[in-house]
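Chemist: what's the 3D shape of this:
(one chain, ligands or ions: 1)
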Amino acid sequence: MYTLLPMKKLVVFTGAGVSAESGIKTFRDSGGLWEEYDIMDVATPEAWHRQPEVVLEFYNARRKQVLESEPNQGHRIIAELESHFDVDVITQNIDDLHERAGSTRAMHLHGEIRKSKSSINPNLIYPISGDKIAWGETCELGSQLRPHVVWFGEEVPMMPPAERLVNEANIFIIVGTSLNVYPAALLVFHVRKDCKIYLVDPGDPIIPSQLNITWIKEKAGEGMRMVRDEIIKV
Ligand code: APR
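Modeler: Presented below is the predicted three-dimensional model:
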């Protein structure tokens, strides 16, 4: 007699570290992006008002790098886990490497670099065909297009649905994030009591001490291989 059982719910929460092995710089590691650029100059609404062309150029460079990059083993293992679990990815990354690795549900908390947005109506979002948003390129209402990313000081509209997903998880895996940026870093507190939590990061993330987290101090590719081998045999 066989019983039909639902697949376990797996939620994977990723940050810049999952794309590091694809050659995309993280933000806060030594040599990271925020050493080279000042957040206030490129990633805030004030920067956009003061020097929109500099902001566009910064994100055009990020987009070009994403287009030149490929998903790595970490992204691929996360995608392959869909054969064993009901998987949702929640990423802070603006790249599309989870999707290109085959993940079918990837929620972007901080936006998507390959999309543009009207600067007067945030609901008008467009795919970008090449690697640039040009100064003078406008939405259908005639306002300058901006990158579809969440800047410091802006709302994070995807937080409530992300919190709901985390609350459904049987297994929650955090990969490659310093857990420095809020509200995203608070997501882990939405897990249920019986949820198993893994963290894959070779560095020194801020790990909440009040939660029982299994830390695998490895890069995303190797660390995800180890987590996969453990969770698929359970
Ligand atoms: N594999 C896994 N993790 C790695 C790797 C790797 N190969 N290399 C570095 N890391 C880890 C670092 O140890 C660090 O903990 O990735 C993390 C990167 O942290 P941050 O640079 O702070 O990136 P992230 O946490 O994603 O930043 C959050 O900040 O600037 C904003 O909006 C931006 O979404 C971003 C947010």
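Chemist: tell me where this structure is predicted with low confidence.
Modeler: Along the chain, segments meeting pLDDT under 70 span 234.
Chemist: determine the longest strand present in it.
Modeler: strand 111-118 (DSSP state E).
Chemist: give the burial count for the residue lying closest to residue 140 once chain neighbours are set aside, as a bare number.
Modeler: Nearest in space to residue 140, with sequence neighbours left out and distances taken as C-beta to C-beta, 6 or more residues apart in numbering, is residue 124 at 6.6 Å. In short, each C-beta sits where N, CA and C put it, glycine included. Counted by other C-beta atoms under 10 Å, the residues lying close to residue 124 total 16.
Chemist: direction included, what does the longest strand of the chain pair up with?
Modeler: strand 125-127 (antiparallel), strand 145-149 (antiparallel) (DSSP bridges).
Chemist: ok, it near the ligand or not?
Modeler: No - Strand 111-118 lies apart from the ligand when judged by C-beta under 6 Å from any ligand atom; the minimum separation is 8.5 Å.
Chemist: cool, stretch 187-198 as well?
Modeler: No - Stretch 187-198 is not in contact with the ligand by C-beta under 6 Å from any ligand atom; minimum separation 11.7 Å.
Chemist: what does that stretch rub up against?
Modeler: The contact list for stretch 187-198, computed with C-beta atoms under 8 Å, 6 or more residues apart in numbering, reads 13, 90, 159, 162-163, 166-167, 169-174, 179, 208, 211-216, 227, 231.
Chemist: can I assume residue 25 is in contact with residue 37?
Modeler: No - under the criterion of C-beta atoms under 8 Å, residue 25 makes no contact with residue 37, lying 10.5 Å away.
Chemist: flag every buried residue along stretch 34-54.
Modeler: By neighbour count on 16 or more other C-beta atoms under 10 Å, the buried set for stretch 34-54 is 42, 43, 44, 47, 48.
Chemist: who does the longest helix that the chain contains touch, helix- and strand-wise?
Modeler: Secondary structure of the chain per DSSP state H: the longest helix is helix 52-67. On a contact count with 3 or more C-beta pairs under 8 Å, 6 or more residues apart in numbering; DSSP states H and E, helix 52-67 meets helix 39-42, helix 45-50, strand 111-118, strand 145-149.
Chemist: can I get the shortest one as PDB, trimmed to CA atoms?
Modeler: Taking Å, rounded to 0.1, in the frame of the first residue of the first chain, the C-alpha atoms of helix 39-42 are listed here in PDB:
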ATOM      1  CA  ILE A  39      26.700  53.300  -1.400                       C
ATOM      2  CA  MET A  40      25.600  56.900  -1.100                       C
ATOM      3  CA  ASP A  41      26.900  57.700  -4.600                       C
ATOM      4  CA  VAL A  42      25.200  54.900  -6.500                       C
END
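Chemist: what lies in contact with it?
Modeler: With C-beta under 8 Å, 6+ apart as the criterion, helix 39-42 contacts 46, 47, 51, 54, 55, 58, 59, 152.
Chemist: off-centre distance for that helix?
Modeler: Chain-centre distance of helix 39-42: 20 Å, with C-alpha atoms, centre = their mean, to the nearest Å.
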